[in-house]
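**Student:** I'll drop the sequence and a predicted model, then ask my questions.
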Amino acid sequence: MWFYIARRVNLFVFTVAVLFLLVFVMLNALPGELATNLSGVQNPTIAQYDAIVSQYQLDKSWFNQYISFIKQRIHGDFGVSFSDGKPIFDEMLRLLPATIELCIYAMTIALLLGLPLGIIAAVYYKKFGDFFLLGTSLIGYSIPVFWLGVIAIMYFGLDLQWLPVAGQLNLLYQVEHVTGFTLIDIYLSDIVYKQLAYQDAIAHLIMPTLTLAVIPATVVIRITRTTMLEELNANYIKAAQARGQHPLSVIFHHALPNAIQPVLSQITLQLSTLLTSAMVTEVIFSWPGIGQWLIQATYQQNYAIISAGVLVCAGFVIVVTVISDILLIATTPRRRSAEYGSV
Amino acid sequence: MARSDSIYQEDTIPTPLRHIWLNFISYPVAMLGLWVFIGFLVITLIAPYIAPYPPGLQHPDALLFPPSWHDDGQVSYFLGTDDLGRDILSNLLHGVRTTFGSSLIVTIFAAFIGILLGILSGMSRGLKSSILNHILDATLAIPSLLLAIVLVAISGQTMINVMIAVGIALVPQFVRATHTAVHHELSREYVVAAKLDGANKFQIFYNVILPNVLNALIVQFTLAISIAIIDIATLGFLRIGAPASTSEWGTMLADGVDLIFIAPWNVTFPGMAIFASVLAVNFIGYGLQRAVKEGLG
Amino acid sequence: MKNWFIFISKLCFLTGFFILSGCSPSADDNVHTPGIVYCSEGDPTSFNPQLTTNGTTTDASSYQIYNRLVEYDPALGSIVAALARHWFINEDGTSYTFYLRKNVKFHSNDNFTPTRDFNADDVLFSFNRIIDSTHPYHNVSGGSYPFFQSVGFTDIINKIVKVNDYMIVIHLTEKDASFMANLAANFAIIQSKEYADQLSEQQQQSQIDSHPIGTGPFVLDSYFQNDHIRYKPNQGYWNGTPDIEQLVFDITPKSTNRIAKLMTGDCDISALPQSSEIDIIRQNRKLELQIQTGFNVAYLGFNTERIPFNNPKVRQALSHAINKRAIVEAVYYGSATIADSVLPSLSWAYNDTLQPYEYSPEKAKKLLAEAGYSDGFDMTLWAAPVQRIYNPNAIKTAELIQGQLKLVGVNVNIVTYGWNVFIDKLNDYSYDSVLMGWTADNADPDNFFRPLFSCAALLSGGNRVNWCNDDFDETINQAIASTDEKKRVPYYLAAQQTLNKQVPLIPIAHALRFQVKSRNITGLSLNPYGGISFAKAKRKSANVSDGGAK
């Protein structure tokens, strides 16, 4: 067990080092001065330039540069934003919770919808229910998330005017930014109209969350279905059935507990896809998260921010994968014999 | 009873690929996908000949015409026009080329490079394989859209560069799929048997491993096409992909969003085109997956 | 309206969404804290309008945070007192005496609490910062004051003298008919010298423009880039404390999103609706459209130093090749007038004898052939992907022009960057042509000439056509030497004649200025010269009837 964890952590360190190397190579390849791309300081004065050179050891070999690049980033120095000179790291810390909030809610909905539907599909294998659910999930999976978002805005926002279409909260509610999670921040704040603020925040959440949830939900349905099918064909299930247990009991007491872990581990593999959709969703619904910020940075050709975004998003994916991997191994001993886990 | 020329009952065993094919064509949904796919393929080739107007041609007298079946619509602009008087049908047909056609080309190149790398890494063991794995892990952790954005930023915003960027973002997935499949095969008994027979690496690969991993690769290939279509369209939608005024579905949709209040067909049709092509590819992928599984089972 | 399509979309969509969406509270009740949300179109570049001619920055700072010595009253159409109670101009128009208002308080923020009232030192500080290149604050935010450079502020002001704490005299080097109008422009704001001194001590000079202190109706509370700006009312504002408890600028670059936010109640007022959305707004009973004739012009400018655009014949040829009517219809949806001159026809100096270039690809081809380009050429056209008052959609305009020029054999390559990068890169003059525009800062016709075409404007970045013509400079300088409109008119007529012949730029359209607001907001003032003021804005508490709100 500990041996496995040590090996996994070791692999993690290497993977992150490679990620840093990739981003470092990107920074060299991107248009513009390397010093500017690394530090975010645009048109530096001579003194500033010298400081950057010594900070990132730009006068030394590329290997030194690479090492000091890693050092700066690990110490939380991601440079400053071109446009307003604020530290990029602070900005990311402010925006990341909004993205995570959106992803968590969407993932929750995807699981709440996808798991039961996946089980139903597996139980009705090759029957109408299975066909219908599988077809629906294939269709859902094929809808481009930006089209879905735009249509949702068109219908629920503009036509019916049920739901707000952009932003996190009506800006008149002056909610202090503490955790970055709107609902928690409202709870922590001391505004007068708390109840209304909750309602407003939830109304703002519904459309982006559902739009983002569609694709993961379809993925969950299919993964659950496949895993459940495997489990349902296993001998212990047949044994349980032979013992005359109630079919529901067979599913919920035997098949599901065994199926759920592979499902969860498969889903973590989708994290990077989820982040991609989240970025697009944020742009459509003007959600003030890291994705919208990165796309804006692209329009402004702000390479310091883009590279920081790549580093943080990919780092986030790697960390979550490793953690879920270790958790999985800790709870399922039989997986330890697997070759090795990977991202 | 008809007389057969042969006295023995011929019992040809279909090759694995043929077996999969026979399975595949028995799924109506998969066949529907295939037909739509072929339709798109044909349009890709002949788009300039069937489109009523050349790409991007503006008709200053025909701004924001609704589709022809609408009261104010005109048959000469079958699906209506956009705010510059460009015929939507023509643009969509040319868009088949830019979005769907490029996705195909991109996927073919990405598959070629990815599978080659995957085989090389899959066949090797030890340090080489492990280094490659870490590079893969790192690249796969970067959301593909971000990777493509960075690559477009590096090389400049032209359609070719967008294709290259999307292709590069696809490669790691191919490498991973191939690597896993090949690696998995290497430990099989029949591979060991071939080795003991004295086959060299190439022979083992070509004669023993390839036939067994081909299925997985085909499935990965269809998956990659749908990802490529979505990625190209997404980049276009965010206006960091195909340059403005290209007949690209995502770009068209982005233009349409500004007209959502007065001309929703500018959003509806490009979206449907993307949706239909991705759905067709996914249906094929689903059919193949099932055919492979049943073929084995 | 086109319900059929929406219906189709509904069908595609309902399956996924209906289960969960249920019935949720509508967000448009008037119960949250009394405040106003303004959907603005972009980030301000700083909070000091002196440093820019960018309308977004002006909107966010000029009338909210600051005051000017004198202000332009759109209702009266004349210049009225502000920080100066009254003023006095000597006979030959070269010395201006201002008597300043007493008991005007500056804002305070976390870092700064004023110990004294506004006085003459603040006026001196604010203007000397611009005109005196050795002033300690001159270079603090880059040292570029584009508006003031383009109107030759530095040359025209001889000196500013403080007579006592509440009286100053500005001596001009020569008579300048546009001087008062320039003082009333959005950019001529007054900052606090006391704040500047404190920041100097703290070595935090640049905060003067990012954490502003002014005398205006609102105090800046917080600013999050790309997100929002929050203002609190200035308690004890000399002209009456604002009625609302807070003012929020919701930064929403996409026009569709702004309208959508307006409809769902997230915003009360929206900047720059797209002309295509006007019909929808008119149909919505909750919303009210405000229209202003705009003193602006959208133009296609040539880089007149570049081949082939250094040849006037080529520029004339392209004037014939551009179908302005098509642009006005497709981009402005008719909410603009075709421009024959940079000056709108409403101006008293407008030249109605100009021979406009009619749309004729044949003539264009002929002229191109005469210039030696019968096979056409390739050119770049720069356009910014943002909305401006003068052009709601520059990219679309560029695409139209691309299509039109193709007909005469000219291949247009559209180049675009985000707004800030765009402005930055323009200063290198590395473009062949650019789609830009200009919104006048005051009613004086001079505002359309010196800021755009003078040799001085080459330095300030206003002269996007890279065109410096000494004769022309002479003409427009003579035009401001007199305060008598009758004497000035001939010069402006001549100037417009020259421009029409030389075509350093092709004027395209004069746009109407639109603003949408929710019906229960009153007291908003819309300045025809750009800028919006919320000082007197109010939210009516009466509920709007919801019946048939669509």
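**Tutor:** It's in. Numbers count the residues shown, from 1 in each chain, chains lettered A, B, ... in the order given.
**Student:** Can you find the helix or strand of chain B with the lowest average pLDDT?
**Tutor:** In chain B, no helix or strand scores lower on mean pLDDT, DSSP states H and E than helix B:127-141, which sits at a mean of 78.
**Student:** was I right about residue C:392 contacting residue C:331?
**Tutor:** Yes. Between residue C:392 and residue C:331 there is a contact at 6.4 Å, judged by Cβ atoms under 8 Å. Where you see a C-beta, it was placed from the backbone N, CA and C, and this is true even at glycine.
**Student:** Now for those two: what residues contact both?
**Tutor:** When contacts are counted by Cβ atoms under 8 Å, 6 or more residues apart in numbering or on different chains, residue C:392 and residue C:331 are jointly contacted by residue C:275.
**Student:** ok, is the following helix or strand past the least confident helix or strand of chain B in contact with chain C or not?
**Tutor:** Note on helix B:127-141: by DSSP states H and E, the next helix or strand toward the C-terminus is helix B:144-155. No. Helix B:144-155 is not in contact with chain C by Cβ under 8 Å from any Cβ of the partner chain; minimum separation 12.0 Å.
**Student:** Could you pull out the buried residues of the least confident helix or strand of chain B?
**Tutor:** Residues of helix B:127-141 classed as buried: B:132, B:133, B:134, B:135, B:136, B:137, B:138, B:139, B:140, B:141 (neighbour count, 16 or more other Cβ atoms under 10 Å in any protein chain shown).
**Student:** mind listing what the fourth one touches?
**Tutor:** Contact partners of residue B:135, counting by Cβ under 8 Å, 6+ apart, are A:18, A:22.
**Student:** Confirm residue C:381 sits in a strand?
**Tutor:** Yes. Membership of residue C:381 in a strand is supported by DSSP: H, G, I helix; E, B strand; the rest coil.
**Student:** Around chain C, pick out the residues from the stretch 201-343 of chain A.
**Tutor:** So far as Cβ under 8 Å from any Cβ goes, the stretch 201-343 of chain A lies against chain C at A:202-204, A:206, A:210, A:214, A:286, A:288, A:292-293, A:296, A:299-301.
**Student:** Go through the buried residues of helix B:127-141 and name the one nearest residue C:107.
**Tutor:** Using Cβ to Cβ, residue B:141 comes nearest to residue C:107 of the buried residues of helix B:127-141, at 47.6 Å.
**Student:** Pull up the gap between residue A:288 and chain B, please.
**Tutor:** In this view, residue A:288 and chain B are 17 Å apart by Cβ to the nearest Cβ, to the nearest Å.
**Student:** Count the neighbours of that residue for me.
**Tutor:** Number of residues near residue A:288 (other Cβ atoms under 10 Å in any protein chain shown) recorded here: 24.
**Student:** Over to it. Which of the three states is it?
**Tutor:** Under three-state DSSP, residue A:288 falls in the coil class.
**Student:** count of residues packed around residue C:255?
**Tutor:** That count, for residue C:255 with other Cβ under 10 Å as the rule, works out to 24.
**Student:** my guess is it meets residue C:273, correct?
**Tutor:** Yes. Proximity of residue C:255 to residue C:273 meets the contact threshold set by Cβ under 8 Å, at 6.2 Å.
**Student:** circling back: residue A:315: which of the residues of the stretch 201-343 of chain A next to chain C is nearest?
**Tutor:** Each of those was scored against residue A:315 by Cβ to Cβ, and residue A:293 proved nearest at 16.4 Å.
**Student:** sec struct for the closest one, please.
**Tutor:** For residue A:293, the assignment made with three-state DSSP gives helix.
**Student:** can you pull the contacts of it?
**Tutor:** The contact partners of residue A:293, by Cβ under 8 Å, 6+ apart, come to A:91, A:95, A:305, A:309, C:226.
**Student:** Secondary structure element for residue C:435, which one?
**Tutor:** Counting by DSSP H and E, residue C:435 is found in strand C:433-439.
**Student:** Could you report the neighbour count for residue B:62?
**Tutor:** The burial count for residue B:62: 17, using other Cβ under 10 Å.
**Student:** which bits of the stretch 1-150 of chain B sit near chain C?
**Tutor:** Residues of the stretch 1-150 of chain B lying close to chain C (Cβ under 8 Å from any Cβ) are B:56, B:57, B:58, B:60, B:63, B:66, B:70, B:83, B:84, B:85.
**Student:** JSON lines for those residues, including neighbour count, secondary structure and pLDDT?
**Tutor:** Output for the residues of the stretch 1-150 of chain B next to chain C, formatted as JSON lines (neighbours: other Cβ atoms under 10 Å in any protein chain shown; DSSP: H, G, I helix; E, B strand; the rest coil; pLDDT from 0 to 100):
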{"residue": "B:56", "neighbour count": "18", "secondary structure": "coil", "pLDDT": "81"}
{"residue": "B:57", "neighbour count": "16", "secondary structure": "coil", "pLDDT": "85"}
{"residue": "B:58", "neighbour count": "26", "secondary structure": "coil", "pLDDT": "85"}
{"residue": "B:60", "neighbour count": "16", "secondary structure": "coil", "pLDDT": "81"}
{"residue": "B:63", "neighbour count": "19", "secondary structure": "coil", "pLDDT": "83"}
{"residue": "B:66", "neighbour count": "22", "secondary structure": "coil", "pLDDT": "89"}
{"residue": "B:70", "neighbour count": "14", "secondary structure": "coil", "pLDDT": "87"}
{"residue": "B:83", "neighbour count": "25", "secondary structure": "coil", "pLDDT": "83"}
{"residue": "B:84", "neighbour count": "24", "secondary structure": "coil", "pLDDT": "84"}
{"residue": "B:85", "neighbour count": "21", "secondary structure": "coil", "pLDDT": "86"}
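**Student:** so how far is the least confident helix or strand of chain B off the chain centroid?
**Tutor:** Distance of helix B:127-141 from the chain centroid (Cα atoms, centre = their mean, to the nearest Å) equals 24 Å.
**Student:** is chain B contacted by the strand holding residue C:435?
**Tutor:** No. On the criterion Cβ under 8 Å from any Cβ, strand C:433-439 is out of touch with chain B, staying 12.6 Å away.
**Student:** residues in contact with that strand?
**Tutor:** Under the criterion Cβ under 8 Å, 6+ apart, residues C:55, C:294-303, C:309, C:342, C:379-384, C:388-391, C:394, C:397-398, C:401, C:426, C:448, C:451-452, C:464, C:529-530 lie in contact with strand C:433-439.
**Student:** Which SSE is immediately downstream of that strand?
**Tutor:** Along the chain past strand C:433-439, the next helix or strand (assigned with DSSP H and E) turns out to be helix C:450-453.
**Student:** quick check, the host helix or strand of residue A:217 touching chain B?
**Tutor:** Residue A:217 belongs to helix A:194-232 when assigned by DSSP H and E. No. For helix A:194-232 and chain B, the contact criterion (Cβ under 8 Å from any Cβ) is not met; the two come no nearer than 9.2 Å.
**Student:** Contact residues of the stretch 151-297 of chain B facing chain C?
**Tutor:** By the rule Cβ under 8 Å from any Cβ, the part of the stretch 151-297 of chain B lying against chain C is B:239, B:243-245, B:257-265, B:268.
**Student:** Recalculate using a threshold of 6 Å.
**Tutor:** B:244, B:245, B:257, B:258, B:260, B:261, B:262, B:264, B:265, B:268 (Cβ under 6 Å from any Cβ of the partner chain).
**Student:** any idea which element the last one lies in?
**Tutor:** In this assignment (DSSP H and E), residue B:268 forms part of helix B:265-296.
**Student:** quick revisit: off-centre distance for the strand holding residue C:435?
**Tutor:** Distance, stretch centre to chain centre, for strand C:433-439: 12 Å (Cα atoms, centre = their mean).
**Student:** Please work out the average pLDDT along it.
**Tutor:** Mean pLDDT, computed over strand C:433-439, is 90.
**Student:** so where's chain B shaky on pLDDT?
**Tutor:** For chain B, applying pLDDT under 70 flags the ranges B:1-12, B:295-297.
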